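1. missing the sequence, but the structure's below:
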């Protein structure tokens, strides 16, 4: 080699081409299956989570004050899809079909959407403290829902589109504001979102303040706290449609989010259209938030915390993080809602439970896994 | 040029031995005409800048702090849009930023894979071929064993080489580096300089790097672009980097020391930290 002079020992010395065999190091980095480097969590984590979610859904269908045996639940479900109708009792069918099944599906789809949106937003904004609410979308949707309720609308069909449109309106307003201020940067967008969120928060406060305490206020407050008790087919259909329209492209963009999370100038130098990609990703994520708030009111905490749990399990690669977070979010919210409707005589507000149980659970994992997935410097 | 430029005592006359940009090189790797950029009205960071980097070879961009080196790179990369003039690229550029920190704890392999972004579809993820190319790029710098390690836990020198591997994995023919050695110790500076030389010589890449350490330019560059408040001058390293030119460009006294090494004449630069 042509480095006869003595160089100091250290990292540079170890990298001397003479001492290094490319082939040996290459094969060291490969795992038994061939070309792919081992990923945290392994290949079985996602299927295991999906199976756990399915199992949890079945269990949740079984649990409730009105006892329905497992065999008959299976019969009712088969009957619903047109397969066999032996031994289906009308009362049980109503409980399962119109109460438990929509509720289970609403909780799962809401949790999946919120966690997916949160993971995507944390990547886009390169900030661990960002929740999917950051752009004022949930404030806007909450205001829309509160407005609809105070105007006398009730029931999903009218309330959901109203709240959803206001959520989207809040996002449009945040974009417009950042555009007017010529701040297409991450920080500019976040600031605009904070402004818009504050505005809609205040407007919601005004509606609550002005609402008739006898007739309107209780329903309003209950809805704002978030609940899956009113879950129906409308809501499930709405959430499923959002998942299809926003979820599929968002999962598709997952790897691009890795690059985007490096920062604007680096991502641009790597060939990304940073501004366009950020807006698309944020809009897709915001659709989930607007849909969830429209269907079941404000459920905080899930979108902020579940992605961290996901990152601790599979690392920061969004290709694995997004589906993992979605499954964890669905599982988590289903668990919380099942507790909310069964542990006490009265139903516990879901927003209260998610925080009350979520905080210690997260603290446990945080300590146990030492905040894996984030840089430490 | 900069506001500081008007106050600078440096002469605006051409530096001896250097030619003003002529613009006649056949299809340069990267060129710009009449480039002007400002963040706010009236405060031009750069203005009327013509430059051309020929294909192949190592090009150093020298200049004082705040003279617009980094701004120039951001313009060349297309991260900033110039208010005046235009940039001509001959194919995509790969960029190695000055200081690199990722918010998320990606592995070294993940970081290198991101260099493949131009080759990976909008809704796709890296293929096995991309992973193989990324591993090979790491192996090229002797870092394949670090592939599964978190990028944030690597040493400064290793990080810089990982980002260099990322540039290599992008298959761009032109590499742009912003002060690539500024955060490295002497051993790693030497290593990096050798790697740059090898990328140019063995892979035929065009290397463009900024530095505020003229001795690095002397050691590795063939051509030099010197950004002074009085104008930009470019030319072969031996002609542009004379004691007189450097003293005028930096406003500081320097000596060039010639010595023999392995039967070859080499030059090194010494700055004299003398009192006025």
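-> Sure thing, it's come through. Predicted, not measured: the structure shown is a model, and the values here were computed from it.

2. contacts and neighbour counts: CA atoms only from here.
-> OK.

3. Now do the contacts for residue A:97.
-> Contact analysis of residue A:97 by CA atoms under 8 Å, 6 or more residues apart in numbering or on different chains lists A:76, A:77, A:80.

4. average pLDDT across the helix or strand harbouring the first one?
-> Read it as residue A:76. Using DSSP states H and E, residue A:76 sits within helix A:70-80. Confidence for helix A:70-80, expressed as mean pLDDT, is 82.

5. Flag every buried residue along the next helix or strand along the chain from that helix.
-> Under the assignment DSSP H and E, the closest C-terminal helix or strand after helix A:70-80 is helix A:90-94. Neighbour-count burial for helix A:90-94 flags A:92, A:93 (criterion: 16 or more other CA atoms under 10 Å in any protein chain shown).

6. after helix A:90-94 comes which helix or strand?
-> Per DSSP H and E, the first helix or strand lying C-terminal to helix A:90-94 is helix A:101-124.

7. got the angle between the helix holding residue A:76 and helix A:101-124?
-> 80 degrees (axes from the mean of the first three to the mean of the last three CA atoms, to 10 degrees).

8. Among the contacts of residue A:97, which one is most surrounded by other residues?
-> residue A:76 (25 neighbours; other CA atoms under 10 Å in any protein chain shown).

9. which residues does that one contact?
-> Going by CA under 8 Å, 6+ apart, residue A:76 touches A:85, A:88, A:93, A:96, A:97.

10. from memory residue B:270 sits against residue B:257, does it?
-> Yes: between residue B:270 and residue B:257 there is a contact under CA atoms under 8 Å: 7.2 Å.

11. what's the overlap in contacts for those two?
-> Here residue B:270 and residue B:257 share no contacting residue, scored by CA under 8 Å, 6+ apart.

12. Residue B:101: what's it in contact with?
-> Residue B:101 makes contact with A:262, B:152, according to CA under 8 Å, 6+ apart.

13. which secondary structure element contains it?
-> Residue B:101 is located outside every helix and strand, with elements delineated by DSSP H and E.

14. That one and residue B:95, how far apart?
-> 14 Å (CA to CA, to the nearest Å).

15. Residue A:296 too?
-> According to CA to CA, residue A:296 and residue B:95 sit 46 Å apart.

16. Mind checking which of the two has more residues around it?
-> residue B:95 (29 against 26).

17. wait, is the more buried one part of a strand?
-> Yes: using DSSP: H, G, I helix; E, B strand; the rest coil, the secondary structure at residue B:95 is a strand.

18. Now it: closest residue in space that isn't a chain neighbour?
-> residue B:176 (4.8 Å; CA to CA, 6 or more residues apart in numbering or on different chains).

19. Quick check: that neighbour touching residue B:98?
-> No: with contact defined as CA under 8 Å, residue B:176 and residue B:98 do not form a contacting pair (10.5 Å).

20. neighbours around residue B:76, how many?
-> Quick note: residue B:76 (other CA under 10 Å) scores 23 neighbours.

21. again, but for residue B:204
-> Neighbours of residue B:204 (other CA under 10 Å): 15.

22. my guess is it contacts residue B:56, does it?
-> Yes: between residue B:204 and residue B:56 a contact is recorded at 5.9 Å, counting by CA under 8 Å.

23. Could you list the low-pLDDT ranges of the stretch 1-150 of chain B?
-> B:1-26 (pLDDT under 70).

24. Contact residues of it facing chain A?
-> Residues of the stretch 1-150 of chain B lying close to chain A (CA under 8 Å from any CA of the partner chain) are B:77-79, B:93-95, B:97, B:101-106, B:110, B:114-115, B:117-118, B:122-126, B:128, B:131-132, B:135-136, B:139-148.

25. so which strand or helix has residue B:36?
-> strand B:30-38.

26. where do the helices sit along the stretch 201-350 of chain A?
-> Ranges of helices in the stretch 201-350 of chain A, per DSSP state H, counting those that start in this stretch, are A:217-225, A:233-242, A:248-252, A:254-260, A:264-269, A:274-296, A:302-314, A:318-342, A:350-369.

27. tell me the mean pLDDT over the first one?
-> In this case it means helix A:217-225. 84.

28. related to what we said a few turns ago, pick out whichever of the contacts of residue A:76 sits closest to chain B.
-> Nearest to chain B among the contacts of residue A:76 is residue A:97, at 36.8 Å by CA to the nearest CA.

29. Model confidence for that closest one, exactly?
-> 85.

30. Likewise for residue B:190?
-> pLDDT, read off for residue B:190, is 87.

31. Next one: it relative to residue A:288, how far apart?
-> For residue B:190, the distance to residue A:288 equals 52 Å [CA to CA].

32. Have a look at those two and say which one is more surrounded.
-> Taking neighbours as other CA under 10 Å, residue B:190 and residue A:288 compare with residue A:288 leading, 32 against 17.

33. Do I have it right that that one meets residue A:244?
-> No: Residue A:288 lies out of contact with residue A:244 (CA under 8 Å); the separation is 10.4 Å.

34. hang on, the earlier thing: among the residues of the stretch 1-150 of chain B next to chain A, the buried ones, what's the ChimeraX command?
-> Here is the ChimeraX command that selects the buried residues among the residues of the stretch 1-150 of chain B next to chain A (16+ other CA under 10 Å):
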select /B:77,78,79,93,94,95,97,102,103,104,105,106,110,114,115,117,122,124,125,126,131,132,135,136,139,140,141,142,143,144,145,146,147,148
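
35. so of the residues of the stretch 1-150 of chain B next to chain A, which ones are in strands?
-> Within the residues of the stretch 1-150 of chain B next to chain A, residues falling in strands by DSSP state E are B:93, B:94, B:95.

36. which residues touch the first one?
-> Contacts of residue B:93 were listed using CA under 8 Å, 6+ apart, and they are A:269, B:77, B:172, B:173, B:174, B:175, B:176.

37. looking at this, residue B:235 is in a strand?
-> Yes: under three-state DSSP, residue B:235 sits within a strand.

38. Is there a neighbour count for it? I'd like the number.
-> 19.

39. Give me the distance between it and residue B:225.
-> 7 Å.

40. so residue B:169 makes contact with residue B:139?
-> No: checked against CA under 8 Å, the pair residue B:169 and residue B:139 is beyond contact range at 11.1 Å.

41. Tell me the residues of the stretch 151-300 of chain A that contact chain B?
-> Checking the stretch 151-300 of chain A against chain B by CA under 8 Å from any CA, the hits are A:249, A:252-256, A:258-259, A:261-262, A:265-266, A:268-272.

42. The same query, at a cut-off of 7 Å, please.
-> Within the stretch 151-300 of chain A, the residues that sit near chain B (CA under 7 Å from any CA of the partner chain) are A:252, A:253, A:255, A:259, A:262, A:265, A:268, A:269, A:270, A:271.

43. Model confidence for the third one, exactly?
-> According to the per-residue confidence, residue A:255 scores 97 in pLDDT.

44. How about the residues of the stretch 151-276 of chain B by chain A?
-> B:152, B:187, B:188, B:191.

45. So the second one versus residue B:161, what's the distance?
-> Put plainly, it is residue B:187. The spacing between residue B:187 and residue B:161, counted by CA to CA, is 13 Å.
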